[in-house]
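Engineer: show me the folded form of this:
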Amino acid sequence: MFGKLLAIIALIFSFAFLVLGSTEAFAAAHNGGGGHKSVPTGNLSLVLLNSTDGLAHWGNQVTFTASTTATTEPHVSLKCSQNGVVVYAAQSGYYASYPWPWTQVMTLSSSAWSSGSAECVAALYYFSGANSVTLATLNFTAYP
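Structural biologist: All right, here's what the predicted structure looks like:
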């Protein structure tokens, strides 16, 4: 029951961001023909929370430090793969204007990832209307 409630709330927030992003994109496109629109930039860095050797490992917890010049609130997605097969995926909001209500801590484990190293890619992105715009990516290896 609680899982369904979280899924519904996440869906509502996703829809709200699509609507708000579309409104901002419309306003920017119809600003009276004036002004130069700058391209947003972003930075993303990995924060290892319980590593004993400074490297990411299966079962470790990680989070990210994210910053951007985008006016739309950013998100971070993380995917880890073994031989091209995704064995772990997570995402979270990294909002400066108000706290994200769910955790930004990601635990590098899943039932699909039973052993071995995985190649991970984190992406900092935001929504512009119905589109996702990637600001920065970060690659790292999660070791066994």
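Engineer: flag the shaky bits of the chain, pLDDT-wise.
Structural biologist: 1-36, 97, 100 (pLDDT under 70).
Engineer: mind naming the longest strand for it?
Structural biologist: As assigned by DSSP state E, the longest strand anywhere in the chain is strand 131-143.
Engineer: which strands and helices lie in contact with that strand?
Structural biologist: strand 42-48, strand 56-57, strand 118-128 (3 or more CB pairs under 8 Å, 6 or more residues apart in numbering; DSSP states H and E). (Each C-beta comes from the backbone N, C-alpha and C, glycine too.)
Engineer: mind checking the ones you listed for the one nearest to T107?
Structural biologist: Across those, T107 has its closest neighbour in strand 56-57 (11.1 Å, CB to CB).
Engineer: as a check, name the ranges of all strands in this structure.
Structural biologist: Under DSSP E, the chain gives strands at 42-48, 56-57, 61-68, 75-82, 85-93, 106-107, 118-128, 131-143.
Engineer: so which of those strands gets nearest P99?
Structural biologist: Minimum separation from P99 across these (CB to CB) falls at strand 85-93, 9.2 Å.
Engineer: now do that closest one: everything it contacts.
Structural biologist: With contact meaning CB atoms under 8 Å, 6 or more residues apart in numbering, strand 85-93 is reached by 73-81, 100, 102-104, 106, 108-110, 112-113, 118, 120.
Engineer: so E119 touches S81, yeah?
Structural biologist: Yes: E119 is in contact with S81 according to CB atoms under 8 Å; the separation is 5.6 Å.
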